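> got a sequence here, can you model it:
(chains A and B)
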Amino acid sequence: MQTVKMVVTGPFSAGKTQFIQSVSEIDVVATERKISSDEERSVKSSTTVAMDFGRITVDEDLVLYLFGTPGQKRFDFMWEILSEGMLGFIVMVDSTRPETFREARSILETFRAYAPTPFVVAANKQDAEDAWELEDVRHALRLDNKIKLLPCVATDKNTVKTVLLELLYSILKEMDAGK
Amino acid sequence: MALRGNLRDITITQLLNLVHLASKTGTLVVDGPSEQAYISFRDGKLAYARVGREDGSLALVLHKANKINANQYRAIADRAGQMTDKELGLLLINAGYVTQEDILLNLQGYFTEVVRRLFSWVEGIFRFENDMLPPQDRISVRLDLENIIIEGSRQLRELEQLQDEIPSLDMSLKFTERPLTNVNLSVDEWKVVKFVDPKNTLRQIANTNRLSEIEIRRIVYGLLQAGLVEMYRPVSAPVQQSPKQFPTQNKEEQKSLINKLIGRIRSL
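Purely as a prediction, here's the structure:
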């Protein structure tokens, strides 16, 4: 059986778990939690790190795994581990929390440095009243126009599917371009 | 009689016991699978230890224990390279960065950790050099071996049990059909989970993640017990030292794979 991987990343509480849950055929971990500052100082390899893990079976020969990264910066050593061998990644941003935009940008740049794979940015919670407009999110994140910024409501399977499909189209496009 | 042999025949725990009972002074040199270890003793007590490329210096030990930060460590390495550990220790104590107790405790902890690493070495040539003492520029300690020996014995029993449960590292793993709920794994466990694939043998996963035989068995045993994975008949596949994006290198097959994914996502 062949397996391929995609990574869903983004700041804490951006909606990564819900995103994966909307399309995963198995129940997803939902264990990202606020951690006190005392714990912040002592992350060692024995500390458990909760992450999201979802699966989509294509057929008996092919399975797609979706890995959701821990959002806190202090777990960024896990990002590099997860980024190895991924087809592409999705950066989720909470459209209602502009205070997380800078962190989202930082995560995006970090992942781009780890692996030159295609990616898309999903502006989540677009159904909320106080959600920023897409173009405003683009400016706030300083995203080039070539980068796909997609509206998303993580609880809505259709928008989640669209985000995944757009990433796959980007992967195909890069393959056709011979990269 | 020269004390030399192979860890295949005598375990590290047995060697430590011998050193302890005979109150030996000297250095045990072990050529392990990928690195060399030096464990020095004085009158049967642990005095000093280092393994692989680590120099076992005071600066390194304090940096690993977070007593000094990376910048301080670099500064010491750049500017105080000619200083002995004793001189450096005095300097740091006088400057208020550490206490004497800090230094001794951290050195003891570091040396003990080095010895612990050796517990998982099941193969390697060793020799005991009576005339080899700890380097003059390093600080020695005086650590009783009993507790380390007890821990080593415990690990040996665990290794034997794990070898019964997972006799071959040439087996592979695959995920079970059970839903994954409340999964909270350690970093090393996630590293293994990432590589779960019938094409990857346990040995390959261990090599890629630099895990010892006991570590990979322990992790996989835990995953098996939790019902997350199941053993899989070994599949012949090229050695995979690092994961590729695609399970195939053929470009057409890769595109076909992506198109399959697109079709599947659309159908959700």
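> could you use CA atoms for every contact and neighbour count after this?
Noted.
> residue in the stretch 1-150 of chain B nearest to chain A?
Of all residues in the stretch 1-150 of chain B, B:Asn66 sits closest to chain A, at 10.1 Å by CA to the nearest CA.
> look up which helix or strand that residue falls in, please.
For B:Asn66, there is no host helix or strand (DSSP states H and E).
> what are the boundaries of the strands in chain A?
Here chain A has its strands, by DSSP state E, at A:2-9, A:48-49, A:52-59, A:62-68, A:88-94, A:119-124, A:149-151.
> with mean neighbour count and distance to chain B as extra columns, can I get the ones you listed in CSV?
Shown next, in CSV, are the strands of chain A (neighbours: other CA atoms under 10 Å in any protein chain shown; distance: least, CA to the nearest CA, whole Å):
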stretch, mean neighbour count, distance to chain B
strand A:2-9, 23, 6
strand A:48-49, 18, 4
strand A:52-59, 20, 6
strand A:62-68, 22, 8
strand A:88-94, 26, 9
strand A:119-124, 27, 14
strand A:149-151, 21, 16
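> lowest average confidence across those strands, which one?
Among the strands of chain A, strand A:48-49 carries the lowest mean pLDDT, at a mean of 59.
> about what we covered before: burial check on the residue of the stretch 1-150 of chain B closest to chain A, number of neighbours?
Residue neighbour count, defined by other CA atoms under 10 Å in any protein chain shown, stands at 10 for B:Asn66.
> rewinding a little: out of the strands of chain A, which is closest to B:Lys45?
Closest approach to B:Lys45 among these is made by strand A:48-49 (35.0 Å; CA to CA).
> mind checking what secondary structure B:Ala37 has?
Secondary structure, DSSP: H, G, I helix; E, B strand; the rest coil: B:Ala37 is strand.
> quick check: beta-bridge partners of it?
Taking DSSP bridges as the rule, B:Ala37 bridges to B:Val30, B:Val51.
> just give the closest residue to B:Gly56, not the sequence neighbours.
Once flanking residues are discounted, B:Gly56 sits nearest to B:Arg50: 5.2 Å by CA to CA, 6 or more residues apart in numbering or on different chains.
> tell me how far the one you found lies from B:Ala75.
22 Å (CA to CA, to the nearest Å).
> for A:Asp127, same thing?
Look at A:Asp127 and B:Ala75: by CA to CA, they are 53 Å apart.
> show me the contacts for the closest residue to B:Arg142 other than its chain neighbours.
For B:Arg142, ignoring the flanking residues on the chain, the nearest one in space by CA to CA, 6+ apart is B:Ala47 at 5.3 Å. Applying CA atoms under 8 Å, 6 or more residues apart in numbering or on different chains, we find B:Ala47 in contact with B:Ile39, B:Ser40, B:Phe41, B:Pro134, B:Ser140, B:Val141, B:Arg142, B:Leu143.
> from the residues you listed, which ones fall inside strands?
Residues of the contacts of B:Ala47 located in strands (DSSP E): B:Ile39, B:Ser40, B:Phe41.
> mind putting those residues in TSV, pLDDT, neighbour count and distance to chain A included?
Compiled in TSV, the ones in strands among the contacts of B:Ala47 are given as follows (pLDDT from 0 to 100; neighbours: other CA atoms under 10 Å in any protein chain shown; distance: CA to the nearest CA, whole Å):
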residue	pLDDT	neighbour count	distance to chain A
B:Ile39	96	23	25
B:Ser40	96	28	28
B:Phe41	95	29	30
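> return the member of the residues you listed nearest to A:Val91.
B:Ile39 (48.3 Å).
> phi, psi for the residue nearest to the spatial centre of chain B please.
By CA atoms, centre = their mean, chain B has its centre lying nearest to B:Arg117, at 5.1 Å. In terms of degrees, to the nearest 10, the main-chain angles of B:Arg117 are phi -60, psi -30.
> right, quick check: stretch B:110-121 against chain A, any contact?
No. On the criterion CA under 8 Å from any CA of the partner chain, stretch B:110-121 is out of touch with chain A, staying 14.5 Å away.
> give the buried residues for that stretch.
For stretch B:110-121, a neighbour-count test (16 or more other CA atoms under 10 Å in any protein chain shown) marks B:Tyr110, B:Phe111, B:Thr112, B:Val114, B:Val115, B:Arg116, B:Leu118, B:Phe119, B:Ser120, B:Trp121 as buried.
> that older thread, and the residue nearest to the centre of chain B, how far is that from B:Pro135?
Distance of B:Arg117 to B:Pro135, given as CA to CA: 21 Å.
> list the buried residues of stretch B:86-96.
The neighbour-count check on stretch B:86-96 (16+ other CA under 10 Å) flags B:Leu88, B:Gly89, B:Leu92, B:Ile93 as buried.
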